[in-house]
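# just a sequence and a predicted model for now, questions to come.
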Amino acid sequence: MPKYSLIIPSIGRDKQVDDLLTSIEKSGIKDFETILVDQNDDDRLVPVVKNHKTLKIKHLRADFKSATQARNFGFEKSKGEYIIFPDDDSEFLSDTISQVESLFKEFNPDVLCGRAIDRSNNDAVCNFKKDSAWLDMSNYDGRYVEFTEVYKREIFEKYPFDIDIGVGRFYGSGEAQDQMIRMLRDGVKVYYSPELKFFHPVKVNMHESKTEIKRSFFYSCGYAYVCKKNKVKDADTRLKKLLLYIPYCMIFRRKYLRYYLAELAGLIAGKYVELK
């Protein structure tokens, strides 16, 4: 049994996957397996895999397009004691694995959470908290994101991702929040350290393109669904703020209006639309 399973779901990227695999080779990680869950309709990742023969990559072709389903599928094919799900556009830093080893040795959590940064060491993806903490239902916000989490195998086996949530689904985000809530409510020991870092590019959102507007709807839809599913009121608070902010946009920030209307529609859909 390898110590680590690195499970990488991928679609639509090749250069970024190549960079990620290079970073793994340079990270100093030992006793691991690399599982690439390829959801592409073409062979773009075939030469990438050939370029990293030393990693002995398990290249799995999937007939679905879902980030959460890909992670769960990759886990089923894995054997590692610890599970990591790098995003296909993320990278390991030179000290990522040494920090994982040190933090597990010192704190022995069931799940270890880290921070995503850009090339300038600034937060990427979200604004991360600067202090380390054992997580609970009152403090987990800003202290987790799925691709910086390291799970003990038995924990992820008990708390897989909900495949109805996440990129590729109608409820387009929130799978990590859903999983985190389930784990914390059951008393799983989750520790966050900002010293554990992974690279991830910053997504610049101008709130104007069709892609961003579409993403706003589906991500908000997932967020509201997760809040409803787990009976937390965060989405209701966001909904109230939007209802106050949209009239302001109609007068002073009209170029952003469609984006926030899409977010409002997503929150409403996630709260009231049932697909089952």
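Sure thing, it's come through.
# what are the ranges of the strands in this protein?
4-10, 32-38, 58-61, 82-84, 91-92, 111-117, 133-134, 149-152, 190-199 (DSSP state E).
# now could you export just the CA positions of the longest one as PDB?
Backbone C-alpha positions of strand 190-199 (Å, rounded to 0.1, in the frame of the first residue of the first chain) are rendered in PDB as follows:
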ATOM      1  CA  VAL A 190      -9.900  18.500  11.000                       C
ATOM      2  CA  TYR A 191      -6.800  20.800  11.400                       C
ATOM      3  CA  TYR A 192      -6.000  23.900   9.300                       C
ATOM      4  CA  SER A 193      -2.500  25.400   8.900                       C
ATOM      5  CA  PRO A 194      -1.700  28.300   6.600                       C
ATOM      6  CA  GLU A 195       1.800  27.000   6.400                       C
ATOM      7  CA  LEU A 196       0.600  24.100   4.300                       C
ATOM      8  CA  LYS A 197       0.500  25.700   0.800                       C
ATOM      9  CA  PHE A 198      -0.400  24.700  -2.700                       C
ATOM     10  CA  PHE A 199      -0.100  26.900  -5.800                       C
END
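# now that strand, how far from the centre of its chain.
14 Å (CA atoms, centre = their mean, to the nearest Å).
# picking that back up, mind checking which of the strands of the chain is nearest residue 166?
strand 4-10 (9.7 Å; CB to CB). For the C-beta atoms, the positions are set from N, CA and C on the backbone; glycine is no exception.
# distance-wise, check residue 148 relative to residue 176.
Computed as CB to CB, to the nearest Å, the residue 148 to residue 176 distance reads 10 Å.
# cool, and residue 9?
Distance from residue 9 to residue 176, by CB to CB: 13 Å.
# where do the helices sit along the stretch 51-200 of the chain?
67-76, 96-107, 153-158, 175-185 (DSSP state H, counting those that start in this stretch).
# among the ones you listed, which is nearest residue 34?
Closest to residue 34 of the helices of the stretch 51-200 of the chain, according to CB to CB: helix 67-76, at 10.1 Å.
# quick one: mean pLDDT for that closest one?
Across helix 67-76, pLDDT averages out at 97.
# from the contact counts, what lies against it?
The elements that helix 67-76 packs onto, with contact taken as 3 or more CB pairs under 8 Å, 6 or more residues apart in numbering; DSSP states H and E, are strand 4-10, strand 32-38.
# one step back: could I get the strands of the chain as JSON lines with mean pLDDT and distance to residue 207?
Output for the strands of the chain, formatted as JSON lines (pLDDT from 0 to 100; distance: least, CB to CB, whole Å):
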{"stretch": "strand 4-10", "mean pLDDT": "98", "distance to residue 207": "27"}
{"stretch": "strand 32-38", "mean pLDDT": "97", "distance to residue 207": "31"}
{"stretch": "strand 58-61", "mean pLDDT": "98", "distance to residue 207": "36"}
{"stretch": "strand 82-84", "mean pLDDT": "98", "distance to residue 207": "32"}
{"stretch": "strand 91-92", "mean pLDDT": "98", "distance to residue 207": "27"}
{"stretch": "strand 111-117", "mean pLDDT": "97", "distance to residue 207": "21"}
{"stretch": "strand 133-134", "mean pLDDT": "98", "distance to residue 207": "32"}
{"stretch": "strand 149-152", "mean pLDDT": "98", "distance to residue 207": "29"}
{"stretch": "strand 190-199", "mean pLDDT": "98", "distance to residue 207": "25"}
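# does residue 125 touch residue 114 like I think?
No. In this structure residue 125 lies outside contact range of residue 114 using CB atoms under 8 Å: 11.4 Å.
# look at these two and report which has more neighbours.
Taking other CB atoms under 10 Å, residue 125 and residue 114 do not tie; residue 114 has more neighbours (26 against 20).
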